[in-house]
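**Student:** sharing a model that was predicted from the sequence below.
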Amino acid sequence: MANRLDCPYENLSSSYLLQTSDYQKQFCHLYAHRLAEMTRLLRPLAQSKWGKEMPIMKLCELRGEQDVHCILIGTIYKHQAFKPSILRDISEENQLAPQPQRQNYSEPGDKVILEDELQRVRLQGDQIEGCKLATGLVCAVKGGTDSEGFFNVEDVLFFESGPQKSLAVRTPNTKLVLVSGLDQLQAHNYVDALNMFQYWLSGSFDNTSEAKSTVRLIVAGNSVRSTAVANVPTLQVARSQANANDTVQAVSQLDAWFAAWAQALHLDVMPGAYDPANFMLPQQPFHKCMFPQASRLSSFQAVSNPYSCRLNSALVVGTAGQNTADLLRSTSLDSSLEALRCTLTWGHIAPTAPDTLACYPYIDSDPFIMKECPHVYFAGNCESFETELHVGSGGKRTRLVCVPSFSKTQSVALIDLETLDCREVKFSVESE
């Protein structure tokens, strides 16, 4: 087994760990804090871009006047006719016609509205691509009012994830491995690929040099299963019990895999959308009793989803993919990579939470705001491997990575923390 390079590491996910479990609060507090915090961050950026002569106004200050040119900062709300509604759940009870289920509910006719603490105004203009915006993101818009009560947008400004620290690598030639969607319940279909992956991690494929430089492995969710449990009628108790037994067995098998991998390198395991973990974001780390073998090793660590750490001076931030999957449902974005890029540009990991993506009802904070621009930003459980080196304002460089589901592609992502180069490594075994 290859000896690993020693690499500085710091876990920065404390803001995602819940200190209380009070679910009685309303989500308005989260939206109010998000708007207040993002307004504080956007105000100097707007003045720098558009000049201090252009006034930043509240909606209530417009008072219905025409031809008022100003800057507004607010939260985007999209009025979408096909967005999921509670009416679907109670349609039988009230004898209403059920709404059709759709995989994507974005339409060209969706109305884009800007809200602040007191009022809202309808946005229009060529600079507003409503089909590519999402409810919950905060932005600054420059423009003017018209006689019909619309705000004609001339330019839009997003936060773009704050400043970025320089990438001063202390240990050269270090690499990070990202894998997701292990789906242990279906692993019998690709157990050879998992074995090859383990041999590759340990340097048994005459890849000792590469294995030595691979300092950490992050498992980005859906390790137990990668699809929702089928809806079982209540009378079929035996089938429900069988599903529970299969899950317990899958967790035990994962424990063996994780213990073996953690003997080779440092391992961080995140929960995913279909794992036995809390449903709302941020998902809390797995309890150590779920993986008794792996938990004995100091190199094993159960972490939250989203997850943030500093590895060899590179800020690494990522999720198990719920944020990008929800964006693809509510917008006309073409790919997971485009959705990931949008969340980075908007400066918020999960803008659609809590509207269509479940999250904890925070009172005085919003941990999903990206106050520092990451060097590596990933989303797990994507249909295929995609990557891009995104260059933002001020020359900020971020490696975007859509980590493929291992159960579908039998592949992982390998990132060089010094150069931010990224490539896909495949372990698929073609059958004759």
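**Tutor:** Yes, it's here.
**Student:** and the top helix by length along the chain, what's its mean pLDDT?
**Tutor:** Longest helix in the chain by number of residues (criterion: DSSP state H): helix 237-262. For helix 237-262, mean pLDDT rounds to 83.
**Student:** quick one: list the elements packing against that helix.
**Tutor:** helix 191-202, strand 266-270, helix 292-295, strand 300-302 (3 or more Cβ pairs under 8 Å, 6 or more residues apart in numbering; DSSP states H and E). Placement of C-beta: from N, CA and C, glycine included.
**Student:** which parts of it are buried?
**Tutor:** Asn243, Thr247, Ala250, Val251, Gln253, Leu254, Asp255, Trp257, Phe258, Ala259, Trp261, Ala262 (16 or more other Cβ atoms under 10 Å).
**Student:** now do that helix against helix 191-202, angle only.
**Tutor:** Using axes from the mean of the first three to the mean of the last three Cα atoms, to 10 degrees, the inter-axis angle of helix 237-262 relative to helix 191-202 is 30 degrees.
**Student:** returning to what we had before: among the helices and strands packed on helix 237-262, which is the most enclosed?
**Tutor:** Mean neighbour count, computed with mean count of other Cβ atoms under 10 Å, is highest for strand 266-270 among the helices and strands packed on helix 237-262, reaching a mean of 25.
**Student:** could you pull out the helices for the stretch 301-432 of the chain?
**Tutor:** Counting by DSSP state H, counting those that start in this stretch, the stretch 301-432 of the chain forms helices over residues 322-330, 336-346, 406-409, given from the N-terminal end onward.
**Student:** give me the contacts around the longest strand along the chain.
**Tutor:** Criterion DSSP state E: the longest strand present in the chain is strand 69-79. By Cβ atoms under 8 Å, 6 or more residues apart in numbering, the surrounding residues in contact with strand 69-79 are 31, 34-35, 38-39, 42-43, 46, 50, 54-57, 59, 62, 110-116, 120-121, 130, 133-144, 151, 330.
**Student:** Asp326 is nearest to which of the helices and strands packed on helix 237-262?
**Tutor:** Ranking these by distance to Asp326, with Cβ to Cβ as the measure, places strand 266-270 first at 17.0 Å.
**Student:** partners of the closest one, with directions?
**Tutor:** Strand partners for strand 266-270, identified by DSSP bridges, are recorded as strand 214-220 (parallel), strand 300-302 (parallel).
**Student:** restrict the longest one to CA atoms and write it as PDB.
**Tutor:** The one in question is strand 214-220. Taking only C-alpha atoms (Å, rounded to 0.1, in the frame of the first residue of the first chain), the coordinates of strand 214-220 have been written out as PDB:
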ATOM      1  CA  THR A 214      -4.100  11.000  -3.700                       C
ATOM      2  CA  VAL A 215      -4.600  12.400  -0.200                       C
ATOM      3  CA  ARG A 216      -8.400  12.300   0.300                       C
ATOM      4  CA  LEU A 217     -11.600  10.700  -0.900                       C
ATOM      5  CA  ILE A 218     -15.000  12.300  -0.600                       C
ATOM      6  CA  VAL A 219     -18.100  10.100  -1.000                       C
ATOM      7  CA  ALA A 220     -20.900  12.600  -2.000                       C
END
